[in-house]
Structures are given as structure tokens and as C-alpha cells.
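Asker: 3D model of this:
(one chain, ligands or ions: 1)
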Amino acid sequence: MSKMEWKQEAERLDLIKTKLKQRLAGLDPQEAGLHEQVNEIRRRFWEEVTVNANTAEDFEETFYTIRQQEAVLVERERSHGLLMQQWKNMNRLLPSPYFGRIDFQETGTDLREQVYIGVSSFVDEDGMNFLVYDWRTPIASLYYDYSPGDVSFAAPGGDIAGAMTLKRQYQIRGGELQHVFDSNVTIGDELLQQVLGKGADTQMKSIVSTIQRDQNAIIRNDVARMVIVQGAAGSGKTSAAMQRIAYLLYKHRQTLKADQFVLFSPNPIFGSYVATVLPELGEENMQQTTFQEYLAYWLDSTFTLEDPFDQIEYVLTRESEPGYEARLSAIAYKASEDFLRALQNYATWLGREGMRFAAIRFEDRELISAERMHAQFYGYDSSIRLTNRVVLLQEWLLGELTALEDKERDAQWVQDEMNYLDREQYERAHEELLKNYRREEGIFDFAEQYVRALDTLNKKVRRAEEAFDIAEQEEELLRRMIVEERFKPIRRSIKRLKFVDARGLYAQLFANESSYREMTGEPQMPAHWPEICKRTRAKLDRQELDYEDATPFLLLKELVEGVRTNTEVRHLVIDEGQDYSVFQYAYLKKLFPRARMTVLGDFGQAIFTQATNLSDANSPLVRLYGEDETCSYRLVRSYRSTREIVEFTMALLPDGGEIIPFERNGRKPLIVRTTGEEERTRRIAADISALQSEGFGSIAVIAKTAAGSRGAYEALKARGCESLRLITKESVAFESGVMVIPAYLAKGVEFDAVLIYDASAQAYSREGERKLFYTACTRAMHRLCLYADADWTPFIRSMDPNLYLEEKFG
Ligand SMILES: Nc1ncnc2c1ncn2[C@@H]1O[C@H](COP(=O)(O)OP(=O)(O)OP(=O)(O)O)[C@@H](O)[C@H]1O
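Answerer: Just a heads-up that it's a prediction; the model follows:
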């Protein structure tokens, strides 16, 4: 670039900074003023209204006054929010107002526009000129998709074609222009080299300035109901997903809010790792959860639930235990499409017979027997859907309960309780009666409160009309309250459909082979079926659920009860999607009927037995919403690790995976043979210090299991590794430094250097452990070291020795 051009760019940057500062200075007092107004209204909210609930009319008037006040407050808060947003955006722009520029001339016009692209838009005072375009604007997609030449982009009014005459990238730090690159490739590798050469962070970074073309397609896909991304380790799947959320939030900012996105993370530390990407881009964070959290939420405390990490620990460590093969067979079967079909057929069968109900009991009395419910249920027209018949039964039960309550009021125990009420309790009962007239919750629930209170008021009037005199009315009310109070849990449990014996329904499936065939129509049983049945039933009897049973159990509940849907959530993003079973997908689809899905995964890293192959043409994931509503992508370039590490890890997969390393060179992986654990830990401790003095800030010693990690942690501590941290499934924060971590918890995150604590054949030899080993090794960005006392794992033994450096020791 010529000196002249550099000068022009530097001058433009100064101009933009000056404008930004001026605008910020103008916003400050406005912001402060609005903030004060909002606070003032909040403070005086209740001073401005008089709550009067004497009559329905008074109540109504109070209601509208409050509503009015509330509207003023909401409006001020909205203006304040908008100003704050502008203020934050400009502050974010100030140190680096843009990172790219394209010069674009639309076909048929003479106008050549300079389009500067940054993390948010900045518009001139008059609102006419974009000084900086948000990276998510339609025109900015040219920057990611094209090299200079003929180009086109999709604008809201249709495609716009033209010529891109210049493409430029900037590095601006602290408001100073540091580098300018003109590029004729999509996004110049020079900049990417610089970005990727840096050390690992405890937080994932936004990749907004270097998004690659194939990633951009994923980010901007706004048509598919299901977006599936199969991508090699380190190919930027998670990064693309985070940018995609930011893009969709921007594009649909009038209608979509961040909390309508739910990200399913593989483990809690991953959640902390990605938590800053969206705020860095000026967006609110989406909801984050793990599938386990979801299961636990829906199962509430009825069951003791095994978590996926305990399940994987079992698979990895209990090979010699009796029942191991049967458990493996169960894990695979209970995640299969066959079992999904079996459950669906079972639900159809239940439409004809076999429903199980739990009797409604009050203390030691049976109020409504399971048999009566059964008869009532199958008395409904069989063309009514199963779930609707459950609702009918629920209504019937509530009606029965009301009748029983009325009868119960004359029971001796009610009289006894009345006799024990003292004056104070009478008053409290009275208070209780009036409670609903008062506003007790936040102003935003007001409408609901109002309707509820009015309802109670009307009921009271009706009851009052019926009453003979005050004393009788009071006694009647008290009796009613006493019974209502005691029947409340029964009513609540009917409302929650607890009368459906879900546990019994699931257990019934595992009675024996012939009944299973009859109920499900399945011709083929998995191996070890009798043993599987025995274990499942025994667990259910103890109110326990294996991880592989949790989703089928909930799905069955859903097929029968059909109530647990969340229609608020519009987007589900599922990372490490290969580790979810077809069951889990079917369940999520049912649970979030209005959501679109983005699933990211790598079959090469499928460490769970129930894995789903995302990329297969015949993948059940494609069938979930159908081919027409599904878009599949493949990412093959790996950005995380050096070329040497990628070449080594590729050789671990039988088909080599589909991976193209990004051109960044480093040292070959080092394999170190030691003579015993003592020597091994001594060597690892020394290597950790050496890596630290080389400046690597995040170093992970990866062991296979939780017990292995604890052992390594203690051994290394004893060798003087002071600031070592042990990561367990309970850990929630991802911090830098040196840590010991089980391989399956390192999913999705990355480290400057990875040391594989034990890469011997003893640790990793079964085929099922290959992907776990691959996942562990692919966490390394710059350095990978592997240690073994005995024979190397066969995955290394079968490898070309040119791919690593062998260092013999001792
Ligand atoms: N376009 C890009 N520009 C700069 N860095 C990128 C880009 N894409 C990915 N990266 C970097 O590559 C690394 C790996 O990215 P990411 O974690 O998103 O990959 P992944 O496919 O989800 O990996 P895995 O499946 O192995 O967990 C991260 O450090 C990320 O910042």
C-alpha cells in the first residue's frame, strides 16, 4: 500500500474516532437524565396510586391507574435501553471502529461505495450515511463471501449485483492503525495466521473479522428449520454457532430476544468458556443449559438420575463387571431408532389397553381407585387421542374431587379441626380469605392478579348470597377452607397428571419378551434382553434411572401426557451434537415445537455409545424435520491446532477424517517413553514447567477417567506442581493455568498445550476408546506431548512414525 493511501486511511480513522467521541459526549447527559427519570418513577410508583379494593369498580379504577403509571415507566425504560445500547456500541467501536472494507459498485450505477465493516453500525449525524456497517448487514456478507470481482448479495428487496473493486483488512488496536492488508482471497490468511498464532484464552473469542466463507453460509442461513454442521475438530463449529446467534439476533431484533435461544452445552465448563462471545458482540447472552439439567428439571425429584459422565465412566472402567455387556447393549438399544419406534407403537397400544393409573388417596383412604380410572379412561371414545383422553380423565377427576370435598366437609375430622381453631386462627383464616384481594406480587403480574382477585370477589358475593347468616357463613367458609387446604396437594397432583403411573407404564415395557413384542410390534430384540429387563425394573423399583432410560422415560410420558412444551424458545443450538441420541432429538423436537435447530458435531469425536452420525445421508437427524427443511454443511478446515498436530490426530481416525490443516506450523507431537509412573509424573512435571517458561498460559494434563485425573493430580502435586487444578464434572468455571481433566470433560474447549497423561495400550486400546483419545489430542493448539510406561496405544503404534518425535527417556 502506498504512503498516500496509508495516510488517507489513518486520517479517516481519526475522523471516525472524533465523531464517535463527539456522539458519546452528547449521549452521556441524555443517558444520565433518562436514568434518573426511570429511578424517580420507580421510587414514586406507589405514591402516585391509591390502592382501593373495596368494590369491583374501585378495584378496576386502581388497576387502570397502575397500568398507566406502568406504561410511562416502560416507555422511559425503553428509551433508556436504546440509548444505553447506542452508548455501549460506540464504546465498543472506539478502540477498533472497523476491521474490513470493500469498495462496491452496483451494476447500472456510477456510484462506488466504500463499505467499512465493524462490530456494529455507526451512522452519520443526519442518519443518512453509514460510516461503519455492522458485520451482519446484508452488504457486509460480500466481505466474507467474495474476492474482488463480480459479486452479489441478498438484500431484503432482492439480490443486488455489482463489482467489488477493493477488499481491505485492518488491524486497529487502541484506536491506532497497525496493519492494513489488501487481499484478493476471501479473508486473507495473513490476518488469520496472526489470530490463530496467539495463546489459548479462557474465553472463546468472537471470530467476526476472519469468518470464512463456509462459516458465513452457516451463520446467515435463515431459512432451514434444521441446520446440521458436521465439522472436524477445531473447524470452528462452535465459533460459527455463536456468530450465528449474534446474526439472527441482529436480523430479527424486532421480534427475537436472546432468551429465546437455548444453547445445549456438553458440560458446565463449556458454558463458562463461551459465555463472553455474545456480550463481546454487543448482544445479550442466550440461555445455556446441559441436557442433563433439562432432564433433572422435568424429572424433578422423583428419581435419582445417573448423569452422562457417570455413564461414560461406567463404560470406560467396568469392563470386567458382571452385566457389563448387557448394559452396553441396553445403552445402544435405548438410544436407537428401533426403540423410538417401539415406544411410539407402545403409545398406540396404550390407546386400546394397558394404561396404568395411580389411585387417588387421602391419608389412608383410597378416594378414587386405579380401576375406576381405567374404566373411565377406556370408556371415552377410542378415536380421541391418547393425550386428550388423559385431559378428559383429569377433568373428570377434578370434578370427582370437588364432589368428594363437598361431602368431606361434614366429616368428623373437619369438626375436630374446627374445635381446635383458636381466635387467632379464625382471624388468620379470615385474612387468608381476603388475601387474594390484595396486590402482593410485582406490578408486572398485575393483570393476572386482577383477574384472579376479581374472580374470588365474585365467588365471595355468590357465596354471601347463599349464606343464611354471618356465623353460619363463617363456619361454612372455615369448613370449606379446612378441606380445601388438606385436599390441595391432591388437587395439585391431579393437575400435574400424577394419576398417570408413568413409572409403571415404563416398567411394563420391560416385563418380558413376548409382552414387549405384543405391545410394541417389534420383531427384533436386542442382545441380553432378559438381563436388560431385570436391571431396568430393579432400578425403577428403587426410584432410580440410568442415563439411557431418562429420555425414553420422559418421551413416553410426553407421548401419553403431552403437556411439556415450551413455545417461547425459537432456536436451539446443540453443540457436540454427535453425542445425542435420536431419542434426545425427538424429545427436544417435541419439547420445543416452535424452535429451529442448529446442530454442530463431529462424528470423529463421538465418545458416547448412543452417538448419532450427523453427516450420514441416512442420518436420523435429517429425517427429524425432513430433507426439505434441513440444510447440512461440512467444515473441513481445522483452525485450532498446528499443521503437525492436525496431521498426527488425523492419523488416529481409521479413515483419516475429512480435515485440512490450516497453514500454521509448530513442533511435531512429542511421545515420551518412561519406565514407571514415578518417572512419568517427574517428567510431566518438568515438561509443565518448561512449557510455562515458554509462555504457554493454558496447559492441560488429560487423563482418561475421573479416577485417573485424581491420581494424576495427586501425583503431580506431590512432584511440586503447585498451581495445578483438578477439573471434575462439578467444575463450572473455565480458567487459565495448569489443570488436570478427564478427556470427556475437555470436549469443546482448547488449550495451548496438552499432555496426555497415559497414552499406553493399557489406557486406550478398545475401538470404543479411539474417539475419546482423538478428542483428547485435538484439544491442543500449539503443543501435544504423550507419555506411556508400557506399550503405546495401538492407535499410535499403527501410525507413520514421521508424524511424531520420539523421545526415549530413562
Ligand atoms: N474463522 C475463524 N477465524 C479465526 N479463528 C477461528 C475461525 N474459526 C475457528 N477459529 C478458531 O479455531 C478454534 C477452534 O474453533 P471452535 O472451537 O469453534 O471449533 P469446533 O469445530 O467447535 O471444535 P471442536 O469440535 O474440536 O470442539 C478456536 O480457537 C477458534 O477461535
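Asker: Ramachandran coordinates for the closest residue in space to Ala163 that isn't next to it in sequence?
Answerer: Excluding the flanking residues, the one nearest Ala163 by CB to CB, 6 or more residues apart in numbering is Gln105, at 5.1 Å. The way it works is simple: take the backbone N, C-alpha and C, and place the C-beta from them, glycine included. Note on Gln105: backbone dihedrals following degrees, to the nearest 10 are phi -120, psi 120.
Asker: For Gln105, give me its contacts.
Answerer: 111-113, 162-163, 165 (CB atoms under 8 Å, 6 or more residues apart in numbering).
Asker: do Ile756 as well
Answerer: Ile756 sits in contact with 702, 773, 776-777, 784-787, where contact means CB under 8 Å, 6+ apart.
Asker: Pick out the most distant pair among these.
Answerer: Within those, Phe773 and Cys785 form the most distant pair, 14.3 Å apart (CB to CB).
Asker: Neighbours of the residue of the stretch 501-650 of the chain found nearest the ligand, how many?
Answerer: Across the stretch 501-650 of the chain, the shortest distance to the ligand (CB to the nearest ligand atom) belongs to Tyr639, at 3.5 Å. By other CB atoms under 10 Å, the residues close to Tyr639 number 22.
Asker: what's the closest non-adjacent residue to it?
Answerer: That would be Phe662: by CB to CB, 6+ apart, it lies 5.1 Å from Tyr639.
Asker: Look up how far the ligand lies from the one you found.
Answerer: Distance of Phe662 to the ligand, given as CB to the nearest ligand atom, to the nearest Å: 8 Å.
Asker: Go ahead and confirm that residue touches Val636.
Answerer: No - taking contacts as CB atoms under 8 Å, Phe662 lies outside contact range of Val636: 10.7 Å.
Asker: So the two - more neighbours on which side?
Answerer: Applying other CB under 10 Å to Phe662 and Val636 shows that Phe662 carries more neighbours, namely 20 against 13.
Asker: can you give me phi and psi for the more buried one?
Answerer: Per-residue torsions, Phe662: phi -80, psi 140 (degrees, to the nearest 10).
Asker: what's the pLDDT at it?
Answerer: Confidence at Phe662, expressed as pLDDT, is 83.
Asker: which residues touch it?
Answerer: 189, 192, 196, 637-639, 643, 646.
Asker: try Ser641
Answerer: Ser641 is in contact with 233-234, 649, 661, 778, 780-782, 784, counting by CB under 8 Å, 6+ apart.
Asker: Mind doing that once more with 10 Å?
Answerer: Contact analysis of Ser641 by CB atoms under 10 Å, 6 or more residues apart in numbering lists 196, 233-234, 647-649, 659, 661-662, 664, 666, 669, 750, 754, 777-784.
Asker: Please flag which of those sit within helices.
Answerer: Using DSSP state H, the members of the contacts of Ser641 that fall in helices are 196, 647-649, 777.
Asker: By neighbours, which of the residues you listed wins?
Answerer: Thr649 (30 neighbours).
Asker: Would you check how far apart it and Glu568 are?
Answerer: Distance, Thr649 to Glu568, using CB to CB, to the nearest Å: 40 Å.
Asker: element containing Val573?
Answerer: strand 571-574 (DSSP states H and E).
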